[in-house]
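K.L.:
Here is my input, please return the structure:
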Amino acid sequence: MSAASFTLTPTDFARLQKVVGRRVGRKPGLSSTLFMLRAAVWVGVGLLVAAYVRVLDDYAELPHLRFMAYLVMIVFLLLVSLPHVSQALWRKYMFAPNGTFLSPQTVSITDSALTIQSATMRSELLWAGFMAREEDDVNHYLFTDEMQAVVLPRSATASFADEFERLTSHLKNKP
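P.N.:
Below you'll find the predicted structure:
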């Protein structure tokens, strides 16, 4: 049995989100469906703005129409910025300082399972339970479903890298 200790950071979670986004983006047909949905929404917005400009031209003397135009622009700006602001807020409040993700953890591997332990939890995951493995320059991501993964820093697996590679090689590059 090989073991190592590590502590994850909020940056590791942001990296996980990017890896999950790339993974989901590789699903056949998903990106084109999302593009068409976004295009339909923005065509509708464009038609709404064009209709409003036409009404504004016909009734330019009404002062409340200008106020409505400014209000519509503010709403569109809020709609565009909302996903970015909400993601930043989620990330700020998502992790408890004493929660599992940010706590010191110890990982150990055997031929049958990966065990992760912290002060508040102990999880044993059979190798057969992992669907896929992704990696970046800092972490390994062992997926248990399409959007959930065990995050293991490369530095934590360095002492048993060959054994880790052998046990996870069947997972590498799976969709």
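K.L.:
Could you give the average pLDDT over the lengthiest helix in the chain?
P.N.:
When the chain is scanned for its longest helix (criterion: DSSP state H), the result is helix 63-94. The average pLDDT within helix 63-94 is 77.
K.L.:
Could you give me the buried positions within it?
P.N.:
Judged by neighbour count (16 or more other C-beta atoms under 10 Å), helix 63-94 contains no buried residues. C-beta: built from backbone N, CA, C; applies to glycine.
K.L.:
What's the first helix or strand after that helix?
P.N.:
strand 104-109 (DSSP states H and E).
K.L.:
which other helices and strands contact that following strand?
P.N.:
Secondary-structure packing of strand 104-109 (3 or more C-beta pairs under 8 Å, 6 or more residues apart in numbering; DSSP states H and E): strand 2-7, strand 113-117, helix 161-168.
K.L.:
still on that earlier bit, so what does the longest helix of the chain touch, helix or strand wise?
P.N.:
The helices and strands touching helix 63-94, judged by 3+ C-beta pairs under 8 Å, 6+ apart, are helix 10-25, helix 30-58.
K.L.:
okay, and for this protein, where does confidence drop off?
P.N.:
59-65, 173-175 (pLDDT under 70).
K.L.:
then stretch 163-175 to CSV, C-alphas only?
P.N.:
Listed next in CSV are the C-alpha coordinates belonging to stretch 163-175 (Å, rounded to 0.1, in the frame of the first residue of the first chain):
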residue,chain,number,x,y,z
GLU,A,163,1.8,2.1,-9.4
PHE,A,164,-0.8,4.9,-9.8
GLU,A,165,-0.2,4.8,-13.6
ARG,A,166,-0.6,1.0,-13.7
LEU,A,167,-3.9,1.1,-11.7
THR,A,168,-5.4,3.9,-13.7
SER,A,169,-4.0,3.4,-17.2
HIS,A,170,-7.3,1.7,-18.4
LEU,A,171,-9.1,5.0,-17.5
LYS,A,172,-6.9,7.4,-19.4
ASN,A,173,-8.5,9.3,-22.3
LYS,A,174,-11.9,7.7,-21.9
PRO,A,175,-14.7,10.0,-23.0
